[in-house]
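# no sequence for this one, just the structure:
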């Protein structure tokens, strides 16, 4: 029996190892490569060298005659599209007009669905994003046209710069995070933003289905919760105070809580490098049943009509808002300050609801094999602040929380709203282990099983603001239409 050898094949989608023999013909080997990478017989070319020299043709010569040995690296280039065949080059393609959209999008053109991104994402992907600094008169020792370490432009993901902003920025923008991934010598050619899956992979035929059997190939990986370093939206801005006041009128008149959908658009947030702002132009309050302590949404027969009208006005659903207000003193109009570091900012049930909405409004992304990654859908809570006045607090839940909610792995705790609970596996559903890390009284990092789970590991806070000069997008749209 011929001795098996392993040949490595590098492609724009990544590297794969092909098992072969020294006596196998080049034609048979190329058929294995086509099957492994999902190409037809003439949809690619394989070369001995990265610079496209030494092409391996479909012929009856053996691999040993072609000087191909165990452990050798071959290079595969798709031949169906011109620009994508250049993604294996060591030098970036600079003459093409589409080079500004990052070479990583080209390398993934054969694997990721071609879903159009949002306009704001397309715009920011073409921006330079550098943070320019003036010449420091004390530290810089060069002329006005020179640059040094004290005044050279910074990358948009520079943590020191973000930490020294006023107020400090804990989360870099999503596009700054993409620049961090796609930087370096390879320009992020093989970067892929993978969505977390908590479900057993289908199609594993080596054993009986769950609960009778499971293996390492189909078993989802355990999840260790980390505080997300980036956020998809960096600021929420209501166009004017009237929008919020009208929404609060229901609570002022009845004392019952209220919920609504935020309609607006996504724009550039210039206070943070490559940041995104959700501008709210209107709030739609769907049919619901509200009490002083609860909210229940009911079926909305007008949902499709509302979406159609919003689209004609140039608006889209960007988030949701709900009240959690309790009067403190009705004579002076104060409200109770209940959400703080000693209680919670979002309850587990609210995190699950936010995760459900974010999964419904996923973010189109060219770097994800699934065509989507994360969400720009925001959550706003109208609640009492430290001064006992109504404050608007913005949040999102992390991508890890979205995955746990999507795959039905996260539950709220009945007696502790600040705690969630990772489900245990049952005969109906396999649930991977979920962990989080915290420090003990000696300062050591300790890993805990997420039963229960503090929800602050799932939350990303977003600044919510009102402009100095009120804006009225709907009134402007109406005047222009007439």
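Thanks, I have it. Nothing here was measured: the structure is a model prediction, and the numbers come from that model.
# what sits closest to residue 221 if chain neighbours are left out?
Counting by CB to CB, 6 or more residues apart in numbering, the nearest residue to residue 221 once its immediate chain neighbours are dropped is residue 432, at 6.4 Å. C-beta here means a position set from N, CA and C on the backbone, and glycine is covered the same way.
# hang on, that neighbour packs against residue 222?
Yes. Contact between residue 432 and residue 222 holds when scored by CB atoms under 8 Å: they sit 5.2 Å apart.
# picking that back up, which SSE is the residue nearest to residue 221 in?
Under DSSP states H and E, no helix or strand contains residue 432.
# equivalent analysis for residue 180, please.
With elements taken from DSSP H and E, the one containing residue 180 is helix 174-182.
# buried residues, that helix. List them.
Buried residues in helix 174-182, defined by neighbour count with 16 or more other CB atoms under 10 Å: 174, 175, 176, 177, 178, 179, 180, 182.
# next one: stretch 128-136
129, 131.
# now do that stretch: everything it contacts.
In this structure, residues lying in contact with stretch 128-136 by CB atoms under 8 Å, 6 or more residues apart in numbering are 142, 144, 150-156, 158, 161, 175-176, 179, 273-274.
# closest to residue 448 out of those?
Using CB to CB, residue 176 is the member of these that sits closest to residue 448, with 30.9 Å.
# thinking the closest one is in contact with residue 229, fair?
No. Using CB under 8 Å, residue 176 is not in contact with residue 229; the gap is 9.9 Å.
# give me the common contacts of these two.
Counting by CB under 8 Å, 6+ apart, residue 176 and residue 229 have no common neighbour.
# contact partners for residue 460?
So, once contact is read as CB under 8 Å, 6+ apart, residue 460 ends up touching 171, 228, 231, 395, 396, 397, 398.
# list the buried residues of the host helix or strand of it.
When secondary structure is defined using DSSP H and E, the element that contains residue 460 is strand 459-465. Judged by neighbour count using 16+ other CB under 10 Å, the buried positions of strand 459-465 are 459, 460, 462, 463, 464.
# tell me the mean pLDDT for it?
Averaged across strand 459-465, the pLDDT comes to 94.
# ok, the residue lying closest to residue 452 once chain neighbours are set aside to residue 346 distance?
Beyond its immediate neighbours in the sequence, the residue positioned closest to residue 452 (CB to CB, 6+ apart) is residue 419, lying 4.0 Å away. Residue 419 is 12 Å from residue 346, where distance means CB to CB, to the nearest Å.
# the more surrounded of those two?
Summary of the neighbour comparison: residue 419 and residue 346, criterion other CB atoms under 10 Å, with residue 346 having more neighbours (25 against 18).
# which elements pack onto the strand or helix carrying residue 17?
Using DSSP H and E, residue 17 sits within strand 14-21. For strand 14-21, the elements it packs on are strand 4-11, helix 26-37, judged by 3 or more CB pairs under 8 Å, 6 or more residues apart in numbering; DSSP states H and E.
# what average pLDDT does the very next helix or strand once past the longest one get?
Yep, that's helix 26-37 we're talking about. Going down the chain from helix 26-37, the next helix or strand is strand 44-47, by DSSP H and E. Mean pLDDT, taken over the full extent of strand 44-47, equals 85.
# centre of the chain versus strand 44-47, how much separation?
34 Å (CA atoms, centre = their mean, to the nearest Å).
# check contacts around the nearest residue to residue 46 once chain neighbours are set aside.
Counting by CB to CB, 6+ apart, residue 56 is the residue found nearest to residue 46 once chain neighbours are left out, at 4.7 Å. Contact analysis of residue 56 by CB under 8 Å, 6+ apart lists 26, 29, 30, 46, 47, 48, 66, 68, 74.
# can you give me the strands in the stretch 201-350 of the chain?
With strands called from DSSP state E, counting those that start in this stretch, the stretch 201-350 of the chain shows them at 223-225, 230-231, 235-238, 259-269, 275-284, 288-290, 295-297, 316-324, 327-329, 334-335.
# quickly run through the sheet partners of the longest one, with directions.
Taking DSSP bridges as the criterion, strand 259-269 forms sheet pairs with strand 275-284 (antiparallel), strand 316-324 (antiparallel).
# flag every buried residue along that strand.
Along strand 259-269, these residues count as buried under the neighbour rule (16+ other CB under 10 Å): 259, 260, 261, 262, 263, 264, 265, 266, 267, 268, 269.
# out of the residues you listed, who's nearest residue 410?
residue 259 (20.7 Å).
# any idea how far that closest one is from residue 124?
Summarising the geometry, the distance separating residue 259 from residue 124, computed by CB to CB, is 31 Å.
# what about the stretch 151-300 of the chain, any weak spots by pLDDT?
By pLDDT under 70, the low-scoring segments of the stretch 151-300 of the chain are 185-190.
# could you flag which of the contacts of stretch 128-136 are buried?
Under a neighbour-count criterion of 16+ other CB under 10 Å, the subset of these counted as buried comprises 151, 154, 155, 156, 158, 161, 175, 176, 179, 273, 274.
# redo the residues you listed as JSON lines? Include distance to residue 448.
Shown next, in JSON lines, are the buried ones among the contacts of stretch 128-136 (distance: CB to CB, whole Å):
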{"residue": "151", "distance to residue 448": "46"}
{"residue": "154", "distance to residue 448": "37"}
{"residue": "155", "distance to residue 448": "35"}
{"residue": "156", "distance to residue 448": "34"}
{"residue": "158", "distance to residue 448": "33"}
{"residue": "161", "distance to residue 448": "34"}
{"residue": "175", "distance to residue 448": "33"}
{"residue": "176", "distance to residue 448": "31"}
{"residue": "179", "distance to residue 448": "34"}
{"residue": "273", "distance to residue 448": "35"}
{"residue": "274", "distance to residue 448": "35"}
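# quick check: the farthest pair among these?
The span of these, defined through CB to CB, is set by 151 and 175 at 23.9 Å.
# next one: stretch 422-432 to chain centre, how far?
With CA atoms, centre = their mean, you get 25 Å for stretch 422-432.
# ok, now stretch 61-81?
Here stretch 61-81 shows a centroid-to-chain-centroid distance of 37 Å under the convention CA atoms, centre = their mean.
# what does that stretch contact?
5-12, 20-26, 29, 33, 37, 39, 42-50, 52, 56, 84-85, 88, 109-110.
# what residues sit buried inside that stretch?
62, 63, 66, 68, 74, 75, 76, 77, 78.
# which element is the fifth one on?
Secondary structure assigned from DSSP H and E places residue 74 in strand 73-78.
# what's near enough to touch residue 154?
Residues counted as contacts of residue 154 (CB under 8 Å, 6+ apart) are 130, 131, 133, 161.
# okay, now the unreliable bits of the stretch 1-150 of the chain?
For the stretch 1-150 of the chain, the stretches with pLDDT under 70 are 1-2, 40-42, 80-114.
# who's in contact with residue 281?
Per CB under 8 Å, 6+ apart, neighbours of residue 281: 239, 243, 263, 264, 265, 315, 473, 474.
# I figured the fourth one was touching residue 321, is that so?
No. Under the contact definition of CB under 8 Å, residue 264 does not touch residue 321, with a separation of 11.5 Å.
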